[in-house]
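Colleague: what would the 3D arrangement of this be:
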Amino acid sequence: MIRLFLKLYGLLIGTLAFSFLVQIQLMDYVWREMSHGYDFRTRFQPTFLLLERALAPYPRDEWPQRFGEVTRGFGLPAARLERETDSAPLAALGAEQRAALAAGSLVWADREGGGFRLSKKLAGSPYIATLAFDGPDNRRLRFVTYVVNWSVEFLIVAVLLFFWVRPFWRDLGELRAAADAVGGGNFEPHLAVRRGSPLRPLAEAIEAMAGRIAALLQSHRTLTSAVSHELRTPLARLRFSHSLAREERDAAAKDGYLARMDRDLAEMDELTSELLDYARLERGAPALELQTVPAEAWLEDVLADAREGPGGGGTPRLEADVAVEALRCEPRYMGRAVANLVRNALRHARARVRVLVEAEASRTVIHVDDDGCGVPAQDRERLFQPFVRLDRSRDRASGGFGLGLAIVRQVARWHGGEASIGESPLGGARVTIAW
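Modeller: Here you go, the predicted structure:
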């Protein structure tokens, strides 16, 4: 907090100091302008005129002595009369004031230690009369005024800045504590940042980041656990078939074992592909390049891919109903998601699978219907979790690896939409992607 406070304080003080320098120049200018309009002749010219008349009857050699007597009578003990060539006040005047003095004008100047001096060359003589008046030291008074003014201003700025920095620093402390908590493995930090704080968006971003990290770590743990579990069965079968094939002497029986091994290898290859795809999708949304594609041609290619891919065979009739001319999506990812849905439908359908592409308001909707046994309402949301299969679908010949619907939902969310499971008009399950 000290460093932040000092930086802001230094910036403000620098700004104020510059403004004060400008104020000083303005104040001096105003002072000069105001004092310039003050006519000293009006007030003191009669005094000098009386002095000239009082000295006029005497010889000029006696003027210094007579001047002292007269000024004491006037109550001016600090008055002096000096020859123009010997005058000390004349040396302290500027060129303009000297010229005015030589012309017989009354000249005013600050007095050392305070007060002011008035000087005038007496008419028709080489003498300069100087009257000194006590008063405050204007330069010192001005300096003290500036110091007091600056000190008060700086103190006010320090107090106000402290109360401004204090809640800001407290919010920064909350953010730092949250970052330390996330670094220590706590992905549910509690950020007590004020609602109106300028750091509130950053706090919300940290909370979202922590939640995302927690989800990724959980996904990583789930993926690691699932990999070890899902690979264990085909590896055990593969090892068992390999052992039997080595001991088998009959060529036909050995070929049968080798065929089993091929199927297990194909299953492991398919599982590895599914795991890699899911892991890639879980890393975060890519920079999608949405394209406008002809709906009917795009769906035709997707259905052909679904038929040819793993699990896409079977006897159910596959129908397509396209009610839009074009749709806007990332063709490759959305095609993969729809192909997954079609393969799932073909696995579970009895005789019929239908894909419907239509528009609802401003959204594009794809329904994949089958006439199978459907999905119980309590299990529909759970099926979108990775590696989840219903009990009746534990056999991978019908249930897959439990990653297809997880990939479908991820792709739908990338497009700003959602995936859901409902009841199909055909009597089975309806899986819908809407974006």
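Colleague: rounded mean pLDDT for stretch 259-271, please.
Modeller: For stretch 259-271, mean pLDDT rounds to 82.
Colleague: actually stretch 345-356, not the one I wrote
Modeller: The model assigns stretch 345-356 a mean pLDDT of 91.
Colleague: span of it from start to end?
Modeller: 13 Å (Cα to Cα, to the nearest Å).
Colleague: buried residues in that stretch?
Modeller: 345-349, 352-356 (16 or more other Cβ atoms under 10 Å). From N, CA and C alone the C-beta is placed, and that goes for glycine too.
Colleague: now those as JSON lines including secondary structure and distance to Arg221?
Modeller: Below are the buried residues of stretch 345-356 laid out as JSON lines (DSSP: H, G, I helix; E, B strand; the rest coil; distance: Cβ to Cβ, whole Å):
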{"residue": "Ala345", "secondary structure": "helix", "distance to Arg221": "31"}
{"residue": "Leu346", "secondary structure": "helix", "distance to Arg221": "32"}
{"residue": "Arg347", "secondary structure": "helix", "distance to Arg221": "28"}
{"residue": "His348", "secondary structure": "helix", "distance to Arg221": "30"}
{"residue": "Ala349", "secondary structure": "coil", "distance to Arg221": "34"}
{"residue": "Arg352", "secondary structure": "strand", "distance to Arg221": "40"}
{"residue": "Val353", "secondary structure": "strand", "distance to Arg221": "35"}
{"residue": "Arg354", "secondary structure": "strand", "distance to Arg221": "38"}
{"residue": "Val355", "secondary structure": "strand", "distance to Arg221": "35"}
{"residue": "Leu356", "secondary structure": "strand", "distance to Arg221": "38"}
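Colleague: redo the residues you listed as JSON lines? Include distance to Ile213.
Modeller: JSON lines is the format used below for the buried residues of stretch 345-356 (distance: Cβ to Cβ, whole Å):
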{"residue": "Ala345", "distance to Ile213": "35"}
{"residue": "Leu346", "distance to Ile213": "38"}
{"residue": "Arg347", "distance to Ile213": "35"}
{"residue": "His348", "distance to Ile213": "36"}
{"residue": "Ala349", "distance to Ile213": "40"}
{"residue": "Arg352", "distance to Ile213": "44"}
{"residue": "Val353", "distance to Ile213": "39"}
{"residue": "Arg354", "distance to Ile213": "41"}
{"residue": "Val355", "distance to Ile213": "37"}
{"residue": "Leu356", "distance to Ile213": "39"}
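Colleague: which pair of the residues you listed spans the longest distance?
Modeller: Using Cβ to Cβ, the two most remote members of the buried residues of stretch 345-356 are Arg347 and Leu356, lying 19.2 Å apart.
Colleague: who does the helix or strand containing Leu327 touch, helix- and strand-wise?
Modeller: Element membership for Leu327 (DSSP states H and E) is strand 326-329. Using 3 or more Cβ pairs under 8 Å, 6 or more residues apart in numbering; DSSP states H and E, the elements in contact with strand 326-329 are strand 291-294, helix 295-308, strand 363-370.
Colleague: what is the first one packed up against?
Modeller: I take that to be strand 291-294. Applying 3+ Cβ pairs under 8 Å, 6+ apart, one finds that strand 291-294 contacts strand 326-329.
Colleague: same check on the last one?
Modeller: The helices and strands touching strand 363-370, judged by 3+ Cβ pairs under 8 Å, 6+ apart, are strand 326-329, helix 331-348, strand 352-360, strand 429-434.
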